[in-house]
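**Q** Take this sequence and fold it.
(2 chains)
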Amino acid sequence: MDAAAERQFREFVTARSPALMRLAFLLAGGDAHAAEDLLQTSLAKTAARWRTVEDLESYVRTVMYRQQVSWWRRGVRRRETTIAEPPDVAARADDTHALELRLVMRGALAKLTAKQRTVLVLRYFEDLPDTEVARLLGCSVGTVRSTAHRSLARLRTLAPELAELRGLEPEQAAGRSASAESMTLKEARP
Amino acid sequence: MNMDTLLRQTLREWAEEAEVPQGLADRALRRRGRRRISRLSVGAGATALVTAGVLLAAQAVVTDSGSLPKEDTVSLPLSRPGMGGDDVRTDPGSSPPKKFVAAKQTALSAYYVTQSWGGSKLGPPDGFSRTWYLYDSTVGTYRKTPWAYLDVAPGLRLAAVLEGPLPASRVGIVDTAGGKVLRWVPLRPGAAGVAWSPDGDRLLVTHYTDNPDEHLEPNRAQPAWPGQDRLMASATPTSSGDGRTGYSVIDIRSAKAVFHRLPPEHNNINYRQDLGWSRDGRLIWSPTATEPSRVYYEIGGGRTEGEPTSFQEAGLSPNGRYLATNPVRRQMPNGKLSIEEIEEILKNEPTGPLTRVVETATGREVGTQPMLQLVAWADDAHLIGLGCGTATCRGKGEFHNRFVMVDIAGKEIVPLTGFRENSQEPGSWVPLFTRR
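**A** Down below sits the predicted model:
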């Protein structure tokens, strides 16, 4: 990388790192250290292919998604399994305040596997259709949908407080086809 | 609300807590270089000594760059930069805080709630313990911990913890994100206080013959302000030879602890006499109960001269230019004034809480603040104080108070936390402030 390319790379990182860090933070389940590692690794890979990449941001994001799932596949469980205790607020099941529910949701999201969390982040934060999620992760649409279904069910198991919410019930969903589940979720979107 | 909406809201809100670390581009570029070195080394084979050297270096670099956590090493978290940030984050509606609280370069990294036991109704309890709550960035709130004592490292990434019941015989290094213990460092028995060095590379552990929180004297059962139990503690030695025995200095990288003997200060009646670091980390100090409020020692032992001190916990500003201190009150000659003369003097004294900041070099007063205490510096121009406004505290006393950010001039006051109902009662909370 020559001086001009390096300057361009620095400008890209300066301009886009807030958005990229937000994504990395969610993919890492709120673990700031892991998020930093993830983004740093992805940027390093991008820098190595600087000349051949056309859409830089898209490339970095794709590297992040795949890197996160890859770490998980390699058995690197990181810290999501160590966030053992839910926050104190989770213990107050009778308190349905929205803020507390969101904290409960965070705790549950942090305990999902990297793959499960990545699918949910792509669907509900990045707002991507399942076909695009499948392309980015290099898997089939069916795999994306079944993973999303299992992830939602797991969230409810991890945080019983979420059972009171309207929406797709795991038992109900279990009887549906994967595509029906996906449709239901999409219909529920604003 | 349905699951879909909650999931979206949670992700959006959570993502906003991500903080961009400094020097990302630099580190990515360096790391790209290391990846090349690593591949080159493997390709060249490991037969030659030179190549083996490169391989080792490459492996060391990968660990140092913070790729993945390992249970058996502490080198990884040390390579991580601090959380950083210099904004003001408040939670004025909560006491204790639920959301992250920070004032410029200083954050409320943890807090504890005290519980006392035993004793008669009128007398002091037999002892007290602390329940610590540590800020966990993975959930964005302060989480209850099982530790009996802790201190948070500058940068907020790590905490040093002691297990209860005190005293402990090992210190744990904890990742504040998630709360996992990364490593235990065995110690000589008797550890009951711990403090991180300003550079985050060393720990200072204070040792005692027994639990220093079980030797209470009347009206000192509860720490009334942050750091009180660190500075002035709460108990008197029961007999000669009891109390503080010394301190251990632990190098975090090598996990080696070196013990030094240091008996209690004679002019301090308090049992807990935890040691602290000087601002530059070159000396350690021991608390006294008189002026000067701290006496300095070389890290290896031996009395020496140190920085100016005061009874205000904030002490010196980060650049060392200013000192937080008490207001000047006029001395009254005992027995030489009539009641009228005393009343006349008091009439001209400032009313209400008051603290002041002086220039260290000249002693010149540069500002006064309507604070009960100055507990930490937020940056070189702002402090974190314990505030009790006349209007809000009228009739409720000085122990109905909240933490605020105040500038040196005492004009700009930003509430950081909600009010503590009575900071002297058991169950009240006491914050720990740490550089971000």
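**Q** check contacts around residue B:161.
**A** If a contact means C-beta atoms under 8 Å, 6 or more residues apart in numbering or on different chains, then residue B:161 has B:145, B:147, B:149, B:150, B:171, B:172, B:173, B:174, B:181, B:194 as its contacts. Quick note: C-beta positions are derived from backbone N, CA and C, even for glycine.
**Q** 6 Å instead?
**A** Counting by C-beta atoms under 6 Å, 6 or more residues apart in numbering or on different chains, residue B:161 touches B:147, B:150, B:172, B:174.
**Q** Closest to chain A out of those?
**A** Distance to chain A across those (C-beta to the nearest C-beta) is lowest for residue B:174, with 10.8 Å.
**Q** Any idea how many residues pack against that closest one?
**A** 24 (other C-beta atoms under 10 Å in any protein chain shown).
**Q** wait, doesn't it sit right on residue B:159?
**A** Yes: here residue B:174 reaches residue B:159: they are 4.5 Å apart, a contact under C-beta atoms under 6 Å.
**Q** pLDDT value on residue A:63, please?
**A** Note on residue A:63: pLDDT of 87.
**Q** elements contacting the top helix by length along chain A?
**A** Longest helix in chain A by number of residues (criterion: DSSP state H): helix A:3-27. Contacts defined by 3 or more C-beta pairs under 6 Å, 6 or more residues apart in numbering or on different chains; DSSP states H and E place helix A:3-27 against helix A:32-48, helix A:56-73, helix A:114-124, helix B:3-15, helix B:24-44.
**Q** pLDDT-wise, which helix or strand of chain A ranks last?
**A** Ranked by mean pLDDT, DSSP states H and E, the weakest helix or strand in chain A is helix A:178-188, scoring a mean of 32.
**Q** residues making contact with stretch B:187-197?
**A** Contact with stretch B:187-197 is made by B:151, B:153, B:160, B:162, B:166-171, B:203-208, B:212, B:245, B:248, B:257, B:259, B:274, B:276-277, B:281, as judged by C-beta under 6 Å, 6+ apart.
**Q** Tell me which residues touch the closest residue to residue B:407 other than its chain neighbours, please.
**A** Distances taken as C-beta to C-beta, 6 or more residues apart in numbering or on different chains put residue B:382 closest to residue B:407, at 5.2 Å, once the chain neighbours are dropped. With contacts defined as C-beta under 6 Å, 6+ apart, the neighbours of residue B:382 are B:104, B:405, B:407.
**Q** quick one on the thing from earlier: could I have the PyMOL command that selects the buried members from the contacts of stretch B:187-197?
**A** Under the burial definition 16 or more other C-beta atoms under 10 Å in any protein chain shown, those of these that qualify are selected in PyMOL by:
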select buried, chain B and resi 151+153+160+162+166+167+168+170+171+203+204+205+206+207+208+212+245+248+257+274+276+277+281
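**Q** In the stretch 301-436 of chain B, what residue comes closest to chain A?
**A** Using C-beta to the nearest C-beta, the closest approach of the stretch 301-436 of chain B to chain A is made by residue B:436 at 12.4 Å.
**Q** Wait, that residue touches residue B:87, no?
**A** No: between residue B:436 and residue B:87 there is no contact, the gap being 9.6 Å when judged by C-beta under 6 Å.
**Q** Show me which of those two is the more surrounded one.
**A** Counted by other C-beta under 10 Å, residue B:436 and residue B:87 do not tie: residue B:436 has more neighbours, with 20 against 9.
**Q** Skip the chain neighbours and tell me the closest residue to residue 161.
**A** Answering for chain A, as no chain was given. With C-beta to C-beta, 6+ apart, the residue lying closest to residue A:161 is residue A:104, at 4.9 Å.
**Q** hm, I was asking about chain B
**A** residue B:147 (4.0 Å).
**Q** Where does the one you found fall, secondary structure wise?
**A** Counting by DSSP states H and E, no helix or strand carries residue B:147.
**Q** cool, and residue B:253?
**A** Per DSSP H and E, there is no helix or strand for residue B:253.
**Q** Just the pLDDT at residue B:288, thanks.
**A** On the pLDDT scale, residue B:288 is placed at 85.
**Q** Please apply the same query to residue B:393.
**A** Looking at residue B:393, its pLDDT is 54.
**Q** same thing with residue A:21?
**A** pLDDT for residue A:21: 92.
**Q** can you check the one 10 residues further on too?
**A** Per-residue pLDDT puts residue A:31 at 83.
**Q** Neighbours of it, how many?
**A** Residue A:31 has 26 neighbours, counted by other C-beta under 10 Å.
**Q** Can you give the domain ranges for chain A?
**A** For chain A, automatic domain parsing gives the domain ranges A:1-79, A:84-190.
**Q** Mind telling me which of the ones you listed the model trusts least?
**A** Looking at the domains of chain A, the lowest mean pLDDT belongs to domain A:84-190 (a mean of 70).
**Q** and the gap between the nearest residue to residue A:34 once chain neighbours are set aside and residue A:114?
**A** Closest residue to residue A:34 apart from its sequence neighbours, by C-beta to C-beta, 6+ apart: residue A:28 at 3.9 Å. For residue A:28, the distance to residue A:114 (C-beta to C-beta, to the nearest Å) stands at 8 Å.
**Q** Report whether stretch A:152-160 contacts chain B.
**A** No: Stretch A:152-160 stays clear of chain B (C-beta under 6 Å from any C-beta of the partner chain), getting no nearer than 6.8 Å.
**Q** Contacts for that stretch, please.
**A** A:104, A:108, A:111, A:162, A:163, A:170.
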